[in-house]
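Visitor: pasted the sequence and its predicted model underneath.
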Amino acid sequence: MTIWEDLVSTYKSTNLETIFASLGVSGIPESNYSGLKVASLAQWILESARGTSLLAVRHYNFGGLKWRDEMSDFATKVLYEANDGPDYYCRFASLEAFIKGYWKFITRNPYTNWEDHTSSPEKYIEFIGEIYAPNQGYRGKVQNQFAEARQLLALSDTPPLSQGTWIQETDEALYWMKGQYYIDQVDKVPDDEGFAVVITDLKEWFSGSQYPAPQSMKIAEGDVQEPSPIPVDHRAQKPHRKPSVMFDESPNHTKGRAGQTIDTIFIHNTDGSFAGTISWFNNTDSQVSAHYVISRQGEIVQMVKDEDTAWHAGRRSDNRRSIGIEHEATKVRRGLTTAMESASIALVKYLMQQYDIPISRVLPHRQDWGGSVSTNCPHLLWRTENDFNAWKEENLREEVGSFTQSVTIIKPTNGDKFDVNEAFTVEGTAEEGVKTVNLSTSWGGTNFGLKTSIPVVNGKWSTEIPDGLNTGGQREILAEGNDADGNSLDFYPYEVTIEIGTGMAKPTQGDRLSSPFGPRNGRMHNGVDIAANRGVPVFAVTDGMVSVVKTGCREGNKICGGGYGNHIYIKHSSLGLETRYAHLTDVTVSLGERVSRGQKIGTIGNTGNSTGPHLHFEIRKNGVAKNPLDFINPIV
């Protein structure tokens, strides 16, 4: 059994009454226990990617539980690098310890009175969701996992007829509505008592999973007649429907996304025929795939489910955040056909809507994370970046009138530049009826709150971000308006993209980023590798003092310099940072020397544990490695 199967098996046999009694929790009816198991297991499906996240595998933490002092009797403290950076998390000794620890976590102060919200899984998640993971659409994401959780726990998910209504949206489309759920396809199967309905495509309007487990429900117990349909129109709520696709699953993919959120779409060209590409992606020797392949006739074949990781751009670990779309093209048959373009626009708009992906994160393959793979794809479709960006703006940018937009941002504007931690002001206008404005910023697949409940006065609002943003690169500032009761008035927030920089120079004039920051071969790669020829100069990225110098390492000695070979550390006290430069051939500075931005400090080499000439470059804050692309982007 896998660790996930062990957890599910253990939880099925767990007596929640015993756990609650040991934690001093009382007043929850026993009839509510199964619903609480559904809700909590659904959280663990989402948080641990079904037990595949490193936090789950290494530390028995399936719930993404960060360390709190109240957990000291249930877990130990461990430093863990998550999507939003390193932090202290709970480490549990066993599956049983995690299950009990989860419920201890929920008894803490932020969740006071949670016991009063246990009548259903929905009520429980509605209450704790915004506390557990604020501003992330968390409640909807967890509720999407309820069907799978019930199936794993062997609980029935068959709602009675009174909880739903037949809806006829068009002459061809018949839906069963329950809350915000809709069904795209139903199979009516007679049984002894009447009709059963097998649901083969259940979705949720605002944040639904595309591939839940099939379910069945009675529609007319003891009666073969269907209830009368009721007309309804939902298109204004969610304008982009998924275009028709055929599913041909490639073996070249990884189940789940290891807890990461989809935040990017990469556009590729095939450099081969439609049929040949599909055949290649179905060949296990190829070790490549994509989520979708679009033919020149506009046919779309989906080869990897959205919630799984395709092997399409850069390193597989990076692919967990993205969806890849291949377009049929060859050196002879270049560019987009009309049918292909229409299919591509429809699919990309649907995916942007489904996963809240901003237009700034629809990228050509050649712009994957720092250029982790040397490629000019999709050059057979768009020759230059300007060509691609112009097409994107023309075809993917939504017209303001196509959905409700209650607020606008007039300052800053797209492309404005600020230093890391530089204060800036955000101001804008609001329509009548908007009482307050919430601001957030998107980074690493997660939205982080900047300011909430900013008052609107005479149709205008303004606020100061006194500490600025603490990581560099492109950042989206998102604004949404609220009514008097605090309810959001915007289906999509208003968005501007700004540039956050550090004033740092590039550490070398390299050819390409050969290895990005992040997990690599089961270990953490604490910097980036920049490939370049021997002897290419290496520069100090900003002013500082040389704090470590190691020389005397020769090529072939893998352990010299602790594996770094000849290397230099520079402290930048004004920024609270340290930079590291490794695998050098020559070092041209000395210990204690003060250096300035752009000053040559050494040359590219292949010393230490290195497989070819390159610079290994790190940035550390308080000893903790940070992604250099958060400070210098682009870095090559």
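Guide: Structure's in. What do you need? Numbers count the residues shown, from 1 in each chain.
Visitor: can you list phi and psi of residue 562 for me?
Guide: Here is the backbone geometry of residue 562 (degrees, to the nearest 10): phi 70, psi 30.
Visitor: ok, residue 7 - contacts?
Guide: Going by CB atoms under 8 Å, 6 or more residues apart in numbering, residue 7 touches 44, 51, 62, 95, 98. All C-beta atoms are positioned from the backbone trio N, CA, C, and that covers glycine.
Visitor: against residue 422, how distant is residue 468?
Guide: In this structure, residue 468 and residue 422 are 4 Å apart, going by CB to CB, to the nearest Å.
Visitor: where in the stretch 301-450 of the chain is pLDDT low?
Guide: Residue ranges of the stretch 301-450 of the chain with pLDDT under 70: 314-318, 367-374, 398-405, 443-448.
Visitor: quick one, helices of it?
Guide: For the stretch 301-450 of the chain, the helices defined by DSSP state H, counting those that start in this stretch cover 316-319, 338-354, 385-396.
Visitor: do the same with the chain
Guide: 3-12, 16-22, 33-48, 54-59, 95-106, 121-132, 138-143, 146-152, 274-281, 316-319, 338-354, 385-396 (DSSP state H).
Visitor: quick one: closest of these to residue 428.
Guide: Taking CB to CB, helix 385-396 is the member of those nearest to residue 428, at 21.6 Å.
Visitor: ok, residues contacting the closest one?
Guide: Under CB under 8 Å, 6+ apart, the answer for helix 385-396 is 267, 341, 345, 348-349, 352, 359, 362, 364, 367, 378, 381-382.
Visitor: and if you look at stretch 555-562?
Guide: With CB under 8 Å, 6+ apart as the test, stretch 555-562 has contacts from 550, 552, 553, 554, 565, 567, 582, 605, 606, 607, 608, 609.
Visitor: rerun that using 7 Å as the cut-off
Guide: 550, 553, 567, 606, 607, 608, 609 (CB atoms under 7 Å, 6 or more residues apart in numbering).
Visitor: so the first one touches residue 567, yeah?
Guide: Which is residue 550. Yes: the criterion here is CB atoms under 7 Å, and residue 550 meets it with residue 567 at 5.0 Å.
Visitor: out of those two, which sits in the more crowded spot?
Guide: Neighbours per residue, other CB atoms under 10 Å: of residue 550 and residue 567, the larger number sits with residue 567, 26 against 20.
Visitor: export the contacts of helix 385-396 as JSON lines, with columns for neighbour count.
Guide: As requested, the contacts of helix 385-396 are exported to JSON lines (neighbours: other CB atoms under 10 Å):
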{"residue": "267", "neighbour count": "24"}
{"residue": "341", "neighbour count": "17"}
{"residue": "345", "neighbour count": "18"}
{"residue": "348", "neighbour count": "22"}
{"residue": "349", "neighbour count": "20"}
{"residue": "352", "neighbour count": "19"}
{"residue": "359", "neighbour count": "18"}
{"residue": "362", "neighbour count": "21"}
{"residue": "364", "neighbour count": "23"}
{"residue": "367", "neighbour count": "16"}
{"residue": "378", "neighbour count": "23"}
{"residue": "381", "neighbour count": "23"}
{"residue": "382", "neighbour count": "20"}
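Visitor: and of those residues, the nearest to residue 88?
Guide: Comparing those against residue 88 with CB to CB places residue 367 closest, at 33.9 Å.
Visitor: for stretch 411-424, buried residues please.
Guide: Residues 412, 418, 420, 424 are the ones in stretch 411-424 that count as buried (16 or more other CB atoms under 10 Å).
Visitor: for stretch 616-624, same thing?
Guide: Buried residues in stretch 616-624 (16+ other CB under 10 Å): 616, 617, 618, 619, 620.
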